[in-house]
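> Okay, predicted coordinates and the sequence, questions at the end:
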Amino acid sequence: MFLDHKNVNNSIEGFFFYILCEVKNDGFHFVGYFSKEKIREESENNLSCIMVMPFCQRSGYGKLLIEMSY
């Protein structure tokens, strides 16, 4: 099964991306991100995608990203 709307060929210019990192002694570590559409046509809830790395799940980062998206 192929998902056309998730294809890499689609433009990402219409989105803002917000990255969440953890700061540790050895530097910054990617934890997750969310993206929002730049142009809101229907409502103010324009969250497009949210993702937390599997090794960071159940650490509260998903809830934090959702809160930040508002």
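Now that the structure is in, tell me what you want to look at. Quick caveat, the model's predicted, so the values are computed rather than measured.
> Poorly predicted segments of the chain, please.
1-10, 40-45 (pLDDT under 70).
> which residues of it fall in strands?
Using DSSP state E, the strands assigned to the chain run over residues 15-24, 27-37, 47-52.
> Including distance to residue 60 and mean neighbour count, could those strands go into TSV?
Where you see a C-beta, it was placed from the backbone N, CA and C, and this is true even at glycine. Below are these laid out as TSV (distance: least, CB to CB, whole Å; neighbours: other CB atoms under 10 Å):
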stretch	distance to residue 60	mean neighbour count
strand 15-24	11	12
strand 27-37	11	15
strand 47-52	10	15
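> got CSV for these, with distance to residue 58 too?
Formatted as CSV, those follow (distance: least, CB to CB, whole Å):
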stretch, distance to residue 58
strand 15-24, 15
strand 27-37, 12
strand 47-52, 9
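> do you know which of the ones you listed lies nearest residue 64?
Residue 64 sits nearest to strand 15-24 of all the strands of the chain, at 7.1 Å, using CB to CB.
> Tell me the helices and strands packed up against that closest one.
strand 27-37, helix 61-69 (3 or more CB pairs under 8 Å, 6 or more residues apart in numbering; DSSP states H and E).
> For the shortest one, which outside residues touch it?
Put plainly, it is helix 61-69. The contact list for helix 61-69 (CB atoms under 8 Å, 6 or more residues apart in numbering) reads 18, 20, 31-34, 36, 47, 50, 52.
> could those residues be laid out in CSV, adding distance to residue 63?
Formatted as CSV, the contacts of helix 61-69 follow (distance: CB to CB, whole Å):
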residue, distance to residue 63
18, 15
20, 12
31, 13
32, 11
33, 15
34, 12
36, 17
47, 14
50, 11
52, 10
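> Residue 14 and residue 35 touch, don't they?
No - the criterion here is CB atoms under 8 Å, and residue 14 misses it with residue 35 at 9.7 Å.
> Number of residues surrounding residue 55?
8 (other CB atoms under 10 Å).
> again with the one 4 residues further on
The local packing count at residue 59 equals 14, with neighbours defined by other CB under 10 Å.
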